[in-house]
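K.L.:
Sequence plus predicted model, see below.
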Amino acid sequence: MRSRRGGLAAVMLAAAVLAAGTPTAAATPGRPDRSGPAPGVRALDDARQPRRDRERRPMVGDVARMSAGLSAQAATAAADAYEPDDTMGAARDLGSASRFLAQLGEAAFTEARTLHAASGSGGGAAWNEDWYTFTVTADDIRYGFFEEGGVGLLIEAWTKNPVVDTVVEVYREGATPTDPRLLPDLSGPEGVPDGYTDTDPASFASNDEEFWFANSGSSVPFLLDPDEFGTLAGRYYVRVRPYYQGDFPDRPAGVPVGFADGAGAYEFRVKLGMAQRLSGASRYETAVRISRERYPDAFCDGWWVTVASGRGFADALAGSTLAGAAGGPLLLTDRYALPGAVRDEIARLASSDPAGDQGPTTVLLLGGPGAVDEAVVTAISAIPDVVVERVYGANRHATAAAVAYKAQEVLAEVAVRTGLSNDGVAKLAFLTSARRFPDALAASPMAAFNAAPILLTDPSSLSAATADALRDPSLGITDVVIVGGTLAVGSAAEAQVKAIVGSSRVKRVQGGSRYATARAFAEWASDLDGIPVGTDSPSSALLVPLYPESVGLASGASFADALSGGVVCGQAGFPLLLNDLALFPSAVYGYLEDAENCPGQYFLKSYAFGGARALPDDDLLFFDTLTLPWWTH
């Protein structure tokens, strides 16, 4: 662990002065006390690569996209206005990196670009590369953000086209980029090649994926330590190229070697800090904006879209499990009318059929007529190539149970369509309040990521529907994690659960406030303490842990933005925190500090969900500050 001097107060001062105008030396907070081992260049190079080494639950689209003949893929596309920029020497000059060092808390610099060729393999391959260049001075690195030093830029390529698979690689001046066709095999302990190198080992930083995106976009954290300002200053080059699929052990017969005919448009983005805001003019449009960011090519991971009321939290919260199983977004609707933006988003999602045999998209509408009027069903049914299926019970408890059963059905259908194994819903379920939303919001990412049921209870006792679901062998629930304190889920309800599954198989995760509960849940779900993610029973059912190096942030005072945001957090594999950055002490700050203090840990791309009314600009600025490398704090 690295210790710091200044901490929260210093960062808040930095954010406040930055918001007010150009900082002065007198306002500069103290530098961190590096009593722990400071990372050298080699250690930093290792840390630049995203930590993606845990096993992930396979998503539907992962298999579908690897299948041969997904679509009539384009080998060529119209070149963009910046050609020729196909070599390091012809790179588009973005100027000095200092242009990006004043945009903390703001939108990214963006540019519409095209990879206009990508086809073939070996000597017959043809592909386009886009090159960019910028300079970083010693002072940029030494003083960086608010004279605290260091640089932390997010560089990414975001694509709307399902066949455009981008790779982003950053090089120092003088480096020799590797031909993608010649990337080496990795060698195992016995010197035997055991896998294809997706990115160039000669690059300074690189990545070929971004787990926040369901398609093939990529994000790279570009991090420069101020202790190395003398050696890291200079000119840098960014290469954006199509992914080259090399041969690898046990490669399926239908997966080709080479460029997979993936030419087309992408959006180039650069910003200071790792955080971005996703918002719309209303809760409904914010959910749409989240959907468009994750599914820009209109192809969901699956064949379903989940829709729930935006006026109540209970059905949508339970729907996190179903959206995770189905591999699609969670959208919100008004009770009596389908918002136009939501109608358009369902139509967009239903319009994409890369495999050519998807059939109609099923909208899983959560809640009965008392939650969502029949007029909404009529409006959704009128969308071309869409069918509607209501999922509901006699009350919110029964609807949550019905959602768990429907997720079980969806997972079985996914297995038939894709060949993925089907273990059904997770055998560990979450129990949350049916009346109080704040504690429950934290559970949605883990429910979506693991297809783990969320069941509801009144504070004093379990409903019959919840008790029946816990006993039902078809769901096979063996363990329960209660989310929240006894005001949310009382001791009597806890005793009833223990009587069903056993005392050692019930665990409560809570904090002293809604924000502290979200932090405690994120730490448990991310396995920060090294304890298997389950209950305390030696034979507990276990969940796949979330990754701690990226987070989502939403308001803890209202639930709407956190509902869709929590689902996309889970589909990416990251926790959700509730915003208390205006308070001291702050649970969000505490989580980020604890996670980032882990050796070799840096924060990667993160999102804030909701507009300025739900999540103020000052809080977004502070959040973006906290995603910068530890040396800026």
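P.N.:
Looks like it came in fine. Numbering: from 1, shown residues only.

K.L.:
Listing request: residues of the stretch 101-250 of the chain with sub-threshold pLDDT.
P.N.:
Within the stretch 101-250 of the chain, the stretches with pLDDT under 70 are 146-147, 187-194.

K.L.:
Lowest average confidence across helices and strands of the chain, where is it?
P.N.:
helix 41-48 (a mean of 30; mean pLDDT, DSSP states H and E).

K.L.:
Could you confirm residue 435 falls within a helix?
P.N.:
No: per DSSP: H, G, I helix; E, B strand; the rest coil, residue 435 lies outside any helix segment and is coil.

K.L.:
ok, now how distant is it from residue 513?
P.N.:
Here the criterion is Cβ to Cβ, to the nearest Å. By it, residue 435 lies 17 Å from residue 513. For the C-beta atoms, the positions are set from N, CA and C on the backbone; glycine is no exception.

K.L.:
next one: residue 438
P.N.:
Residue 438 is 8 Å from residue 513, by Cβ to Cβ.

K.L.:
more neighbours, these two?
P.N.:
For residue 438 versus residue 513, neighbours defined as other Cβ atoms under 10 Å are more numerous around residue 438 (22 against 17).

K.L.:
you'd agree that one is up against residue 517?
P.N.:
Yes: using Cβ atoms under 8 Å, residue 438 is in contact with residue 517, at 7.4 Å.

K.L.:
hey, what's in contact with both of those two?
P.N.:
Common contacts of residue 438 and residue 517 (Cβ atoms under 8 Å, 6 or more residues apart in numbering): residue 484.

K.L.:
Can you spell out which residues form a bridge with the residue lying closest to residue 96 once chain neighbours are set aside?
P.N.:
Nearest residue to residue 96 in three dimensions, chain neighbours excluded: residue 135, at 5.3 Å (Cβ to Cβ, 6 or more residues apart in numbering). Beta-bridge partners of residue 135, counted by DSSP bridges, are residue 96, residue 235.

K.L.:
And the helices in the stretch 301-450 of the chain, which stretches?
P.N.:
Applying DSSP state H, counting those that start in this stretch to the stretch 301-450 of the chain gives helices spanning 314-326, 340-350, 374-381, 396-418, 438-441, 444-450.

K.L.:
CSV for the ones you listed, including mean pLDDT?
P.N.:
Listed next are these as CSV, based on pLDDT from 0 to 100:
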stretch, mean pLDDT
helix 314-326, 95
helix 340-350, 94
helix 374-381, 98
helix 396-418, 93
helix 438-441, 86
helix 444-450, 96
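
K.L.:
Report whether residue 206 is found in a helix, as I expect.
P.N.:
No: Residue 206 is assigned strand when assessed by three-state DSSP, not a helix.

K.L.:
Report the contact partners of the residue nearest to residue 324 when sequence neighbours are not counted.
P.N.:
Nearest residue to residue 324, sequence neighbours excluded (Cβ to Cβ, 6+ apart): residue 448, at 3.2 Å. By Cβ under 8 Å, 6+ apart, the contact set of residue 448 is 320-321, 323-324, 566-567, 569-571.

K.L.:
Residue 329 versus residue 448, what's the distance?
P.N.:
Taken as Cβ to Cβ, the span from residue 448 to residue 329 is 11 Å.

K.L.:
what sits in contact with each of the two?
P.N.:
323, 567.

K.L.:
So what's the residue count around residue 179?
P.N.:
Other residues near residue 179 come to 10 when the count uses other Cβ under 10 Å.

K.L.:
any idea how far it is from residue 392?
P.N.:
56 Å.

K.L.:
same question, residue 271
P.N.:
For residue 271, the distance to residue 392 - Cβ to Cβ - is 42 Å.

K.L.:
for residue 98, same thing?
P.N.:
On the measure of Cβ to Cβ, residue 98 and residue 392 end up 56 Å apart.

K.L.:
Name the residue in these two with the higher neighbour count.
P.N.:
residue 392 (21 against 15).

K.L.:
contacting residues for the closest residue in space to residue 260 that isn't next to it in sequence?
P.N.:
Distances taken as Cβ to Cβ, 6+ apart place residue 245 nearest to residue 260, at 6.2 Å, with adjacent residues excluded. Residues in contact with residue 245 (Cβ under 8 Å, 6+ apart) are 196, 255-260.

K.L.:
What distance do you get for residue 245 to residue 215?
P.N.:
Taking Cβ to Cβ, one finds residue 245 at 16 Å from residue 215.

K.L.:
cool, residue 405 as well?
P.N.:
From residue 405 over to residue 215 (counting by Cβ to Cβ), the distance is 31 Å.

K.L.:
So between the two, which is more surrounded?
P.N.:
Using other Cβ under 10 Å, the more surrounded residue of residue 405 and residue 215 is residue 215, with 24 against 18.

K.L.:
element containing the residue lying closest to residue 207 once chain neighbours are set aside, please.
P.N.:
Excluding the flanking residues, the one nearest residue 207 by Cβ to Cβ, 6+ apart is residue 220, at 4.7 Å. Element membership for residue 220, per DSSP states H and E: strand 218-224.

K.L.:
Tell me the first helix or strand C-terminal of that strand.
P.N.:
helix 229-232.

K.L.:
which residues are in contact with that following helix?
P.N.:
So helix 229-232 is in contact with 41, 136, 138-139, 141-142, 149, 224-225, going by Cβ under 8 Å, 6+ apart.
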